[in-house]
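Engineer: Mind folding the following:
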Amino acid sequence: MIALVKRLAGATSENFIGTWSDDFFYYLKPAMNVVAGKGATFDGSISTNGYHPLWMLLITLLVAVTGSGAAALFPLAFVVAATTAATFAFSQRLAARLLGTRGLASLIIALYSTIYFYTIAKHGMEINFTVPLMMYMALRVLDGKGSLTETRDTIATGALSGLLVLSRTDSVIFVAMYVLAALSCRPLRPGDALRTGLCFMLGFFPVFVYLAFNIHYFGGLLPVSGAAKQLAVGAWRHPKFRGYEFSNKLHYAFVFPVLAANALALAVTVFGKTGEGKLERRVGLLPILIFPQAFYLLQICMNDWPFWDWYLYPWLAAAPIALSLSALSVPRLLRRFELWAQGAGLRRLSALCAAAIAVALVTVGFDYRTPIAQSSIHTFAIALTEFSKTHPGRYAMGDRAGMVGFLLPFPLLQLEGLMEDRKFLDNIRKQRDLGEVLDEYGVDYYASSGAQPLGTCYRATEPKQAGPSSPRMVGTFCQEPVLVYQDAHDRTVVFALKRAAR
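Structural biologist: As a prediction, the model looks like this:
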């Protein structure tokens, strides 16, 4: 509630757009084009599937109902609040189930997990669905469901697994671990295995429809955004661990206790006593605790791009289980804490928390008096939009193109390939000359946030964010930029290309 009030307090400001991640607009712009009859495109002409389908479906529905991309942001803030509330509910139930009490300890673990979730989920990315769905799958097993033994339950588990995969396709690793763990808990005769598989696949069927749709229309199984990040050469790609160190960034600090708790929770689950049966351990606990390690190992092997904030989602989903199982390893301390909480300490703490919440709500409710600070991405997007009023044409940009593409009234080619097609990825794979590619795609103006002076020329590479093993397009532009935008963090230059000069 506090987070929702704080965000909506500034909803009337033009800076409200800047409170969403730049990558979120890789959902919003295609959704706007779908509603406008231009298909699933970012630039209005090249069909793309560079997004996860379930979140894309939601954004498209919001745009269709509200009538515009900007108007869709308001109800989306409520969606984020709802997924945050669901995360709190599931976290508290998981903690209470593992700790054996719905006391203060379970509430603290749920609050920690939820704050951690919201610091990432507020960006507006697809993990708003993925994290609570993963938590719910684990909770079902701990509540005696999801064992893949009964027909109705197996179909329901397959459907839930399908929703999870459609929310974020790489969560299929977690689903595979879940299914294997469930099947390992009982001996299976060939007939039982076939029946279980068919029932699960019946619920999972929408995923097969999605994959077939991708193959037919986009020439590949998975989103093109993932393929764009997997062009690196070599089996071990060394991604950039962007900013995961102690800093003033809240979401960086939150990850360290969960990392430590996850390691301890794994040890407790495998070697200790948790009071859970074989099914609960193997299916309810181990998959969600092991998934973060499997996820990051796969990322390291397949791409060398930076890990952005939403790549923390495996830790977000595991947080309440990891923290609860870690707490079980110190039962004496936990018991003392619960005894204190059940007495006068709980009443005093409850009153203090209620007062703090009331003060926080009043404070953030009046937050409109302080303007929302503009991000550098947003300020450049506004500047380029103003520039385009006297310079119409087709634009191109790589890094930080999401918000620009949303605000710009003209087509924008996304040069990282995240929102284009596999034909465009061939240009990157072949390391073609950037100038030639821009000319081939009919680009009039090229905006670069990474162009480096080279004598009287500029040298630009795309994609800028890719790691050292990834191929790039390189171009040299021997002309003065028609727009130079400099702020405290970045310098972006815009070149008028041959088409614009004619």
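Engineer: Quick check: chain neighbours aside, which residue is closest to residue 219?
Structural biologist: Spatially, and ignoring its direct neighbours in sequence, residue 219 is nearest to residue 422 (5.2 Å; C-beta to C-beta, 6 or more residues apart in numbering). C-betas here are computed from N, CA, C, even on glycine.
Engineer: wait, isn't the one you found in contact with residue 220?
Structural biologist: Yes. At 6.1 Å, residue 422 counts as touching residue 220 under the criterion of C-beta atoms under 8 Å.
Engineer: Pull up the overlap in contacts between these two.
Structural biologist: Residues touching both residue 422 and residue 220 (C-beta atoms under 8 Å, 6 or more residues apart in numbering): residue 227.
Engineer: The nearest residue to residue 185 once chain neighbours are set aside: which element?
Structural biologist: Closest residue to residue 185 in three dimensions, ignoring its sequence neighbours and counting by C-beta to C-beta, 6+ apart: residue 279, at 5.0 Å. Per DSSP states H and E: residue 279 is located in helix 278-279.
Engineer: Number of residues surrounding residue 26?
Structural biologist: Around residue 26 sit 25 other residues, with neighbours defined as other C-beta atoms under 10 Å.
Engineer: a helix runs through it, doesn't it?
Structural biologist: Yes. Using DSSP: H, G, I helix; E, B strand; the rest coil, the assignment for residue 26 is a helix.
Engineer: I'd guessed it sits against residue 42; true?
Structural biologist: Yes. Contact criterion C-beta under 8 Å: residue 26 and residue 42 qualify, at 6.8 Å.
Engineer: Name the residues contacting each of these two.
Structural biologist: Between them, residue 26 and residue 42 share these contacting residues under C-beta under 8 Å, 6+ apart: 50, 405, 414, 419.
Engineer: Please report how far the last one lies from residue 299.
Structural biologist: Residue 419 sits 20 Å away from residue 299, going by C-beta to C-beta, to the nearest Å.
Engineer: So if I had to pick from the two, which one is more boxed in?
Structural biologist: The neighbour count for residue 419 versus residue 299, taken as other C-beta under 10 Å, is higher for residue 419 (31 against 18).
Engineer: Next, name the residue at the spatial heart of this protein.
Structural biologist: Averaging the C-alpha coordinates of the chain gives a centre point, and the residue nearest to it by C-alpha atoms, centre = their mean is residue 310 (3.7 Å).
Engineer: how about the closest residue in space to that residue that isn't next to it in sequence, phi and psi?
Structural biologist: Using C-beta to C-beta, 6+ apart and skipping the chain neighbours, the partner closest in space to residue 310 is residue 125 (4.4 Å). Recorded main-chain torsions at residue 125 are phi -100, psi 170, according to degrees, to the nearest 10.
Engineer: Residue 125 and residue 312 touch, don't they?
Structural biologist: No. Taking C-beta under 8 Å as the definition, residue 125 is not a contact partner of residue 312, at 10.8 Å.
Engineer: before we move on, the earlier item: and the residue nearest to residue 185, how many residues sit next to it?
Structural biologist: One way to gauge burial is a neighbour count; for residue 279, by other C-beta under 10 Å, it gives 19.
Engineer: Having no further points to raise, I will conclude here.
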